[in-house]
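# coords below, sequence missing:
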């Protein structure tokens, strides 16, 4: 099952390495992770998405996350009511035949065209996991030259 | 000086911990990092922003990044022509007096209102570093209840 964590940590070097190490030591692959500063320069926020095949081990990781001296707060948002968003930049090859098809997908998903060249278009898409999934499905028949994703960020609605 | 790296790695557990460890071992604080899957399930993409007080040590880190067995490609986008984007969710406290002021900021920056409650508004903003900087400056007079950022993602324009 996929879990989404929101973790506040001290903004110090080594913290990210320690947290990534906690998951790695137990064989958990981090599907996506986004870490960046908050409005308090001493605090960073991480959103971590992991696929947890073993819930028991995940509980251990949560406990250890809470015990880290640099951890301020750990929230497991899974099952809670939260806003989830991701930003994706995707460069798609186009020709005179596929260009209108890609533009139609962009319009459907309210994507911005960040860059238009003769042979490719770069779309900027923001959405929840469903919308990003739809984007990737709709683009499957086309040639994706490059894709860069932020990974999920999340904020509790309460 | 701020450096932006785009790094393609094998999508395996432990890779993120090793890369974060490379920077941490040399006392480099990662300002932001975003890692997520690509359209090839065996490959992940990372965008890493670091403030490098010592360019010489950064060169060493780049070499070591390139030597890691799980690294596929390292690009230092600094000084290159690239698209940079970040997604920010920010929950701002509002009252009858400040609500129209926040809405004006949202309109100026083409922000979406993701959630509107009686006492707060949650804005969704996408932009380059200048725009995100402007957002944070404009919000300074107001009470930010929560902020979650993806960190920068970047794609070379070539």
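Perfect, thanks for sending it. Bear in mind that the values here come from a model prediction, so they are computed numbers and not experimental data.
# flag every buried residue along the helix or strand hosting residue A:134.
Using DSSP states H and E, residue A:134 sits within helix A:129-139. Judged by neighbour count (16 or more other CB atoms under 10 Å in any protein chain shown), helix A:129-139 contains these buried residues: A:131-132, A:135-136, A:138-139. (C-beta placed from N, C-alpha, C; glycine too.)
# in JSON lines: the residues you listed, plus pLDDT and distance to chain B.
Formatted as JSON lines, the buried residues of helix A:129-139 follow (pLDDT from 0 to 100; distance: CB to the nearest CB, whole Å):
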{"residue": "A:131", "pLDDT": "97", "distance to chain B": "13"}
{"residue": "A:132", "pLDDT": "97", "distance to chain B": "10"}
{"residue": "A:135", "pLDDT": "97", "distance to chain B": "11"}
{"residue": "A:136", "pLDDT": "96", "distance to chain B": "7"}
{"residue": "A:138", "pLDDT": "97", "distance to chain B": "13"}
{"residue": "A:139", "pLDDT": "97", "distance to chain B": "8"}
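# so what angle separates the directions of the longest strand anywhere in chain A and strand B:82-93?
Longest strand in chain A by number of residues (criterion: DSSP state E): strand A:82-93. Calculated by axes from the mean of the first three to the mean of the last three CA atoms, to 10 degrees, strand A:82-93 forms an angle of 160 degrees with strand B:82-93.
# identify the farthest-apart pair in the buried residues of helix A:129-139.
A:131 and A:139 (12.7 Å; CB to CB).
# residue A:128: neighbouring residues, count only.
Using other CB atoms under 10 Å in any protein chain shown, residue A:128 has 14 other residues around it.
# and the closest residue to it other than its chain neighbours, what is it in contact with?
With sequence-adjacent residues excluded and distances taken as CB to CB, 6 or more residues apart in numbering or on different chains, residue A:128 is closest to residue A:84, at 5.0 Å. Counting by CB atoms under 8 Å, 6 or more residues apart in numbering or on different chains, residue A:84 makes contact with A:4, A:128-129, A:152-154.
# again with residue A:147
Applying CB under 8 Å, 6+ apart, the residues near residue A:147 are A:88-91, B:38-39, B:45.
# just the buried ones from these, in ChimeraX syntax?
The ChimeraX selection below is limited to those of the contacts of residue A:147 classed as buried (16+ other CB under 10 Å):
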select /A:88,89,90,91 /B:38,45
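# how about residue A:27, what does it touch?
Shown in contact with residue A:27 (CB under 8 Å, 6+ apart): residue B:13.
# if we can go back for a sec, mind putting the buried residues of helix A:129-139 into CSV with distance to residue A:95?
Shown next, in CSV, are those (distance: CB to CB, whole Å):
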residue, distance to residue A:95
A:131, 26
A:132, 25
A:135, 20
A:136, 21
A:138, 17
A:139, 15
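# for residue A:22, what are phi and psi?
phi -60, psi -40 (degrees, to the nearest 10).
# now do stretch A:4-24, average pLDDT.
Average pLDDT, stretch A:4-24: 92.
# give the buried residues for that stretch.
By neighbour count on 16+ other CB under 10 Å, the buried set for stretch A:4-24 is A:4-9, A:11, A:13-24.
# mind checking which of those land in strands?
Using DSSP E, those in strands are A:4-9.
# which two among these are spaced furthest apart?
A:4 and A:9 (16.2 Å).
# residue contacts, residue A:126?
A:85-88, B:87, B:124, B:126.
# sorry, back to before: let me have the ones in strands among the buried residues of stretch A:4-24 in TSV, extended by distance to residue B:56.
Conversion of those to TSV gives the following (distance: CB to CB, whole Å):
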residue	distance to residue B:56
A:4	39
A:5	36
A:6	37
A:7	33
A:8	33
A:9	29
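# restrict the residues you listed to those near chain B?
Taking CB under 8 Å from any CB of the partner chain, the overlap between these and the neighbourhood of chain B is residue A:6.
# what about the residue lying closest to residue A:37 once chain neighbours are set aside, neighbour count?
Spatially, and ignoring its direct neighbours in sequence, residue A:37 is nearest to residue A:44 (5.8 Å; CB to CB, 6+ apart). Residue A:44: 27 surrounding residues under other CB under 10 Å.
# residue most distant from the centroid, chain A?
The C-alpha centroid of chain A is most remote from residue A:96, which lies 32.6 Å away (CA atoms, centre = their mean).
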